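Chemist: next come a sequence and a model predicted from it.
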Amino acid sequence: MAARSNRSLLWVATATVAALGFMVTVDLTAEAPVGSGNTSYIDLRTQVSEQAQEHILLEQQISKLEAQLAEYRAASGSQKELRQVLAKDERQLAAEAGLTPVTGPGITITIQPDAKLGASPAQMALFPQQADQWLDEVVNVLFANGATAIAINGQRLVGTSSIRLVEVNGIGSVHVNGRPIEAPYVIQAVGSVQQMQTGLAVNVLQGYFEAMGEDFIVRAYPSSHGVTVPAYAGPLPGQYAKEGNG
Amino acid sequence: MNAQGRVIASLTVVAVALGYMLTVSYRQNHAAAALGVLASGSSAVNRQLAERLNELKQSNQEAQQQLASLTQEIAQYEQISAGSTDSVQALQQRMAGERILAGLTPVHGPGIQVTLNDGSAGGSDVEQILAHDWTLRNLVNELFTAGAEAVAINDYRVLATSSIECQGPVVSVNGHRLGAPFTVVAIGDPAVLSSALEIQGGILDAMRQEGLQVSTPEVENDIHIPAYTNSLQG
């Protein structure tokens, strides 16, 4: 009787330990997939949300082109009317590409060396070595915060613009749209004055520039004729990139 | 306590521990399921999301094709409207150039492709080996300097007037949140674009020195880049 009871206990103990072992194994092996599953889920959610947003934007662009096409179709009976639609189309395209000046409320930012800021020679040497990256940073913050048109020293920034430090015989100068510009750098930006000022403040750009011994003077022009950004006058793309899906 | 009593006591402790573990395990699984985070990536929720993503991608591809086809139709009307004068070709070329500059339509042409990825964290400073917003901005800027006519990051068109900013673990490009790896494609003269990036001590060398994983630029005969969309303005 006692022997049978002991055997039963042994079986129960074996079963319990086996269950425990099984659970520990499941728990340990389940840990890694939970983490990756989590990432995958978030990734998927983000991608779905991005593609859904993209879809709305594409639909808007399609509607715009369909409206344009409808105008051409409506005018197709008369060469005179067709030319009027073409002229309108041309004006709109030139404006969207940055080939016409833009006037509106905006800000200007003047960046120039200022010995009164008390930066050391080493700190003051920093900006001329990285001027292109710092100007690019300012422009990026402005475009992310409501700027609709920007020029640096009269060079309008468009879809294929670049801001690049070019060194010739040991002397570096900033080139915008392939043209050299010199300090003081004056950035003109048309757009939401408040949004742009907030963006600059959040990114503490004035502090960074002043630490390098550079003034960062922001002036606001809130009136509808506040700032005029000139038109882009450089070459147009199309030598390599062709419209359509091939 | 005799031997049998000790065994029963031990079994009771083990059974209590087992019960506790079962409860914890059940609760964790329940919480995970509520979040849609089941143990494997092939959960029902993830499958649904993946299906939805594929549908949206397909639909967006069709929308890009529709954009291209509408542009083609408009270009035909432009030709008719301008009449049969010598200036027709120049006018059409200018308007096409303006559309490309503004990123209004999908484009294709020869160019290069390069992929950036975060480095592997072997040391202390993880920040150092991540592909940041400025990394991508510098690369895009370098490509436009070398004459790129159209650039895209992970299939999103980038203009020099785009904003590229870090948003936590991802990079926001025109308001689209993108994660590494970043595949950057550019249409332009492939030889010029490649040499601008691969020049000794140039931008890709600098990125590799920082610990980023950077591929060698690959020349492609026909790269397709979609039209520009900006969810910040949308």
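Modeler: Nice, thanks for sending it over. Numbers count the residues shown, from 1 in each chain, chains lettered A, B, ... in the order given.
Chemist: so where is chain B shaky, pLDDT-wise?
Modeler: Within chain B, the stretches with pLDDT under 70 are B:1, B:28-42, B:84-86, B:121-128, B:231-234.
Chemist: go again with 50.
Modeler: B:38-40, B:234 (pLDDT under 50).
Chemist: neighbours around the closest residue to residue A:239 other than its chain neighbours, how many?
Modeler: Once flanking residues are discounted, residue A:239 sits nearest to residue B:149: 7.0 Å by C-beta to C-beta, 6 or more residues apart in numbering or on different chains. Where you see a C-beta, it was placed from the backbone N, CA and C, and this is true even at glycine. Per other C-beta atoms under 10 Å in any protein chain shown, the neighbour tally for residue B:149 reads 26.
Chemist: and the residue of chain A closest to chain B?
Modeler: For chain A and chain B, the shortest gap (C-beta to the nearest C-beta) falls at residue A:236, measuring 3.0 Å.
Chemist: residue B:196 and residue B:146 touch, don't they?
Modeler: Yes: because the distance of 3.5 Å satisfies C-beta atoms under 8 Å, residue B:196 is recorded as touching residue B:146.
Chemist: how far away is whatever residue of chain B ends up closest to chain A from residue A:188?
Modeler: Closest approach of chain B to chain A (C-beta to the nearest C-beta) occurs at residue B:97, with a separation of 3.0 Å. Between residue B:97 and residue A:188 the computed distance is 24 Å (C-beta to C-beta, to the nearest Å).
Chemist: can you report phi and psi for the residue of chain B closest to chain A?
Modeler: phi -60, psi -40 (degrees, to the nearest 10).
Chemist: now it. Nearest residue, chain neighbours left out?
Modeler: That would be residue A:236: by C-beta to C-beta, 6+ apart, it lies 3.0 Å from residue B:97.
Chemist: ok, residue B:142 next?
Modeler: Residue B:142 sits nearest to residue B:203 (C-beta to C-beta, 6+ apart), 4.9 Å away.
Chemist: now swap in residue A:243 and tell me
Modeler: residue B:105 (5.1 Å).
Chemist: now do the buried residues in stretch B:65-73.
Modeler: B:66-68, B:70-71, B:73 (16 or more other C-beta atoms under 10 Å in any protein chain shown).
Chemist: among these, which ones lie close to chain A?
Modeler: With C-beta under 8 Å from any C-beta of the partner chain as the criterion, those include B:66-68, B:70-71, B:73 near chain A.
Chemist: can these go into CSV with extra columns for secondary structure?
Modeler: Below are these laid out as CSV (DSSP: H, G, I helix; E, B strand; the rest coil):
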residue, secondary structure
B:66, helix
B:67, helix
B:68, helix
B:70, helix
B:71, helix
B:73, helix
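Chemist: about what we covered before: just the buried residues of stretch B:65-73 now: which is nearest residue A:58?
Modeler: Within the buried residues of stretch B:65-73, the smallest distance to residue A:58 is 6.9 Å, found for residue B:67 (C-beta to C-beta).
Chemist: what about the residue nearest to that closest one when sequence neighbours are not counted, neighbour count?
Modeler: In space, and not counting its chain neighbours, residue B:67 is closest to residue B:227: 5.4 Å by C-beta to C-beta, 6+ apart. The tally of other residues near residue B:227 (other C-beta under 10 Å) stands at 23.
Chemist: so the residue nearest the centre of chain B versus residue B:143, what's the distance?
Modeler: Geometric centre of chain B, nearest residue: residue B:154, 3.2 Å, by C-alpha atoms, centre = their mean. Here the criterion is C-beta to C-beta. By it, residue B:154 lies 15 Å from residue B:143.
Chemist: distance check, the closest residue to the residue nearest to the centre of chain B other than its chain neighbours against residue B:98.
Modeler: In space, and not counting its chain neighbours, residue B:154 is closest to residue B:178: 4.8 Å by C-beta to C-beta, 6+ apart. Going from residue B:178 to residue B:98 by C-beta to C-beta gives 27 Å.
Chemist: ok so, going back, now the residue nearest to residue B:67: phi and psi?
Modeler: The phi and psi torsions at residue B:227 (degrees, to the nearest 10) take the values phi -70, psi 160.
Chemist: what's the answer for residue B:150, then?
Modeler: Main-chain dihedrals, residue B:150, degrees, to the nearest 10: phi -160, psi 140.
Chemist: residue A:46 contacts residue B:169, doesn't it?
Modeler: No: between residue A:46 and residue B:169 there is no contact, the gap being 10.2 Å when judged by C-beta under 8 Å.
Chemist: by contact count, what packs against the helix or strand that contains residue A:21?
Modeler: Per DSSP states H and E, residue A:21 falls inside helix A:2-75. For helix A:2-75, the elements it packs on are helix A:79-97, helix B:3-34, helix B:44-82, strand B:176-178, judged by 3 or more C-beta pairs under 8 Å, 6 or more residues apart in numbering or on different chains; DSSP states H and E.
Chemist: need these in CSV with distance to residue A:158, can you?
Modeler: Shown next, in CSV, are the helices and strands packed on helix A:2-75 (distance: least, C-beta to C-beta, whole Å):
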stretch, distance to residue A:158
helix A:79-97, 6
helix B:3-34, 49
helix B:44-82, 19
strand B:176-178, 21
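Chemist: for residue A:193, which of those is the nearest?
Modeler: With distances scored as C-beta to C-beta, the stretch of those nearest to residue A:193 is helix A:79-97 (21.1 Å).
Chemist: what angle separates the closest one from helix A:2-75?
Modeler: Using axes from the mean of the first three to the mean of the last three C-alpha atoms, to 10 degrees, the inter-axis angle of helix A:79-97 relative to helix A:2-75 is 140 degrees.
Chemist: phi first, then psi, for residue 106.
Modeler: Defaulting to chain A. According to degrees, to the nearest 10, residue A:106 has phi -180, psi -160.
Chemist: right, and it touches residue A:221 too?
Modeler: Yes: the criterion here is C-beta under 8 Å, and residue A:106 meets it with residue A:221 at 5.8 Å.
Chemist: alpha carbons of the lengthiest strand in chain B, in PDB - could you do that?
Modeler: Ranked by residue count under DSSP state E, the longest strand found in chain B is strand B:107-117. Taking C-alpha atoms only, strand B:107-117 is exported to PDB below (Å, rounded to 0.1, in the frame of the first residue of the first chain):
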ATOM      1  CA  VAL B 107       9.900  60.500 -63.600                       C
ATOM      2  CA  HIS B 108      12.300  57.900 -64.800                       C
ATOM      3  CA  GLY B 109      15.800  57.800 -66.200                       C
ATOM      4  CA  PRO B 110      19.400  56.600 -65.500                       C
ATOM      5  CA  GLY B 111      21.000  57.100 -62.200                       C
ATOM      6  CA  ILE B 112      22.300  55.500 -59.100                       C
ATOM      7  CA  GLN B 113      21.100  53.800 -56.000                       C
ATOM      8  CA  VAL B 114      22.800  53.700 -52.500                       C
ATOM      9  CA  THR B 115      21.700  52.200 -49.300                       C
ATOM     10  CA  LEU B 116      22.400  53.500 -45.800                       C
ATOM     11  CA  ASN B 117      21.900  51.600 -42.600                       C
END
